[in-house]
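J.: Here's my sequence, what's the structure:
(one chain, ligands or ions: 2)
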Amino acid sequence: MIPFTETRTTPLPSELSFLLADHPRDSWERDPHFLRSTRNWIAAHRLFRDLAYLLRTGAEHYLDGDFDATSYAPRLSVYGDRLVRALHGHHRFEDLSFFPELSEADARFDEGLAILEADHLALDATLDGFTRVSNRALKLLQLDEAQARDEIGAVHDGAVRIEAFLDRHLGDEEDLVVPILLEHRLRG
Ligand SMILES: [Fe+2]
Ligand SMILES: [Fe+2]
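T.: Ligands and ions are numbered 1, 2, ... in the order given. Purely as a prediction, here's the structure:
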């Protein structure tokens with residue numbers, strides 16, 4: 001069985017959301033302290049969601065017979081590599097630089113940041129499992145397409161888990177982090 005980790009299902013503790021009440025999502029765009037760096041950080045989240053979607057639907061198209069091996073393999077290779085590399089880099093930046101900066105500005109949210117860091121560890125393990133099954137699937141697509149189907153089923157399973165993980169993590173992260181940036185006028 002592939003070592004995909006479980007997605008966190010519980011939301012962040014509600015007592016951490018008091019700044020979000022002062023800075024609700026629908027006010028971010030018109031806030032003068034909603035800076036380009038914050039927009040770029042949210043745009044990166046959108047890219048991760050898009051790539052995970054393309055990986056899931058690509059596997060579905062192959063399994064349904066809408067993509068043949070020639071059209072599916074480069075999609076899995078390019079989108080998979082891009083997503084895994086970008087997410088590892090993003091997590092490293094958040095854990096080592098961004099979250100410490102937020103904690104220094106306002107330590108009241110450290111519990112939430114610790115939960116988000118734990119998400120990163122779990123998601124990184126899921127990404128490692130996804131990389132392994134994807135590499136096996138890519139090899140089998142060249143060697144033995146009948147066997148590749150099973151492996152692409154596992155690729156699909158991994159993409160579903162990554163999408164669910166991102167859904168939980170990114171929304172929680174934005175709701176916790178953006179109000180801290182706005183409240184303390186940080187550059188992020
Ligand atoms: Fe994160
Ligand atoms: Fe993030």
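
J.: Number of residues surrounding residue 20?
T.: For residue 20, the neighbour count with other C-beta atoms under 10 Å is 17. Where you see a C-beta, it was placed from the backbone N, CA and C, and this is true even at glycine.

J.: Let me see the contact set for it.
T.: By C-beta atoms under 8 Å, 6 or more residues apart in numbering, residue 20 lies in contact with 175-176, 179.

J.: Please repeat the previous calculation with a cut-off of 7 Å.
T.: When contacts are counted by C-beta atoms under 7 Å, 6 or more residues apart in numbering, residue 20 is found next to 175, 179.

J.: Just the element for it, please.
T.: According to DSSP states H and E, residue 20 maps onto helix 18-22.

J.: what is the rounded mean pLDDT of that helix?
T.: Helix 18-22 carries an average pLDDT of 96.

J.: What residues sit buried inside that helix?
T.: By neighbour count on 16 or more other C-beta atoms under 10 Å, the buried set for helix 18-22 is 19-20.

J.: go on, stretch 7-20?
T.: 7-8, 12, 16-17, 19-20.

J.: Please list the residues of the chain that sit near ligand 1.
T.: With C-beta under 5 Å from the ion as the criterion, the chain comes near ligand 1 at residues 94, 173.

J.: for the residue lying closest to residue 31 once chain neighbours are set aside, what are its contacts?
T.: The shortest distance from residue 31 to any residue other than its chain neighbours is 5.4 Å, reached at residue 182 (C-beta to C-beta, 6 or more residues apart in numbering). Residue 182 makes contacts with 23, 31, 33-34, as judged by C-beta under 7 Å, 6+ apart.

J.: make it 6 Å
T.: If a contact means C-beta atoms under 6 Å, 6 or more residues apart in numbering, then residue 182 has 23, 31, 33 as its contacts.

J.: ditto for residue 61
T.: By C-beta under 6 Å, 6+ apart, the contact set of residue 61 is residue 67.
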